[in-house]
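S.K.: Structure for the following, please:
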Amino acid sequence: QLQLVESGGGLVQPGGSLRLSCAASGFKLDVYAIGWFRQAPGKEREGVSCISSSGSNTDYADSVKDRFTISRDNAKNTVYLQMDSLKPEDTAVYYCAADLSYLSLRRGSTEFSSWGQGTQVTVSS
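M.R.: Presented below is the predicted three-dimensional model:
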């Protein structure tokens, strides 16, 4: 079982920034595509962004495009989600998922993905 650990969540005011990290433990992350997903209370989980194993392909949900940036540092075995211009509607638990298929993550097919435990992001004044 792949182990992923998210960190970097917290409380931030609207318009602020946070950087989430997804670190892999016990395996090399560089063969896996990584997706960030979020789930707000009472809502379904939604895809936020994903990145291919090499980092050459990325995708974003329309709701976060031009505000969030996904990146990866395979030497550090870590994927990042830089979140700028945060809005209250970004409040959710954020999860990262690893999958051998970038296209599966991109379309939200996560039945073969491995997940982290999540990190809470709260945007509030």
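S.K.: Quickly list what the residue nearest in space to the middle of the chain is bridged to.
M.R.: By Cα atoms, centre = their mean, the chain has its centre lying nearest to residue 36, at 2.3 Å. On the basis of DSSP bridges, residue 36 is bridged to residue 49, residue 96.
S.K.: these two touch, right, it and residue 95?
M.R.: Yes: between residue 36 and residue 95 a contact is recorded at 7.3 Å, counting by Cβ atoms under 8 Å. (C-beta placed from N, C-alpha, C; glycine too.)
S.K.: and residue 30, helix, strand or coil?
M.R.: Under DSSP: H, G, I helix; E, B strand; the rest coil, the three-state class of residue 30 is helix.
S.K.: list the buried ones in stretch 59-72?
M.R.: Neighbour-count burial for stretch 59-72, counted by 16 or more other Cβ atoms under 10 Å, picks out 59-60, 64, 68, 70, 72.
S.K.: among those residues, which two are most distant?
M.R.: Longest distance between any two of these is 17.1 Å, between 64 and 72; criterion Cβ to Cβ.
S.K.: list the contacts for residue 6?
M.R.: In this structure, residue 6 makes contact with 20-22, 94-96, 116-119, judged by Cβ atoms under 8 Å, 6 or more residues apart in numbering.
S.K.: Most neighbours out of the residues you listed, which is it?
M.R.: The most crowded member of those is residue 96, carrying 31 neighbours; neighbours defined as other Cβ atoms under 10 Å.
S.K.: Next one, pLDDT for it please.
M.R.: Residue 96 is assigned 97 on the pLDDT scale.
S.K.: wait, what's in contact with it?
M.R.: Here residue 96 is in contact with 4, 6, 20, 22, 34-37, 79, 81, 115-116 (criterion: Cβ under 8 Å, 6+ apart).
S.K.: again, but for residue 29
M.R.: The contact partners of residue 29, taken as Cβ under 8 Å, 6+ apart, are 72, 74, 77-79, 98.
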